[in-house]
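Asker: Next one to model:
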Amino acid sequence: MMKRVATWAFYAVGALAIAYLALYAYAMFRGQPIVPGDPIHIFRKPDAPNYS
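Answerer: Residues are numbered from 1 along each chain as shown. The predicted structure follows:
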């Protein structure tokens with residue numbers, strides 16, 4: 001039982017590491033720094049009008 005839990009914990013840590021690396025790669029290739037507090041505009045065009 002403990003071996004099975006340890007295996008799943010190892011997989012979970014590996015999945016978190018891969019997700020972190022994917023997020024880091026996305027931030028690097030995006031060209032804009034991620035600043036805490038800024039809204040995330042993934043699908044918004046830069047030249048779109050601002051209605052607010």
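Asker: Show me the residue sitting in the middle of this protein in space.
Answerer: Central residue of the chain (C-alpha atoms, centre = their mean): residue 23, 3.3 Å from the mean position.
Asker: Which strand or helix spans it?
Answerer: Assigning secondary structure by DSSP states H and E places residue 23 in helix 2-30.
Asker: What is the burial count for residue 46?
Answerer: Using other C-beta atoms under 10 Å, residue 46 has 6 neighbouring residues. From N, CA and C alone the C-beta is placed, and that goes for glycine too.
Asker: related to what we said a few turns ago, what does the model give the residue nearest to the centre of the chain for pLDDT?
Answerer: The per-residue pLDDT reported for residue 23 equals 88.
Asker: how far away is it from residue 15?
Answerer: In this view, residue 23 and residue 15 are 13 Å apart by C-beta to C-beta, to the nearest Å.
Asker: What of residue 24?
Answerer: Following C-beta to C-beta, the distance that separates residue 24 from residue 15 is 15 Å.
Asker: Over stretch 6-20, what's the mean pLDDT, rounded is fine.
Answerer: Mean per-residue pLDDT for stretch 6-20: 96.
Asker: now that stretch, how far from the centre of its chain.
Answerer: Stretch 6-20 has its C-alpha centroid displaced from the chain centroid by 15 Å (C-alpha atoms, centre = their mean, to the nearest Å).
Asker: Let's see that stretch as PDB, backbone CA atoms only.
Answerer: C-alpha atoms of stretch 6-20 as PDB (Å, rounded to 0.1, in the frame of the first residue of the first chain):
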ATOM      1  CA  ALA A   6       4.700   6.700  -3.000                       C
ATOM      2  CA  THR A   7       4.400   6.000  -6.700                       C
ATOM      3  CA  TRP A   8       1.300   8.300  -7.000                       C
ATOM      4  CA  ALA A   9       3.100  11.000  -5.000                       C
ATOM      5  CA  PHE A  10       6.100  10.700  -7.300                       C
ATOM      6  CA  TYR A  11       3.800  11.000 -10.400                       C
ATOM      7  CA  ALA A  12       2.000  14.100  -8.800                       C
ATOM      8  CA  VAL A  13       5.300  15.800  -8.100                       C
ATOM      9  CA  GLY A  14       6.500  15.100 -11.700                       C
ATOM     10  CA  ALA A  15       3.200  16.400 -13.100                       C
ATOM     11  CA  LEU A  16       3.500  19.600 -11.100                       C
ATOM     12  CA  ALA A  17       7.100  20.100 -12.300                       C
ATOM     13  CA  ILE A  18       6.100  19.600 -15.900                       C
ATOM     14  CA  ALA A  19       3.200  22.100 -15.500                       C
ATOM     15  CA  TYR A  20       5.600  24.600 -13.900                       C
END
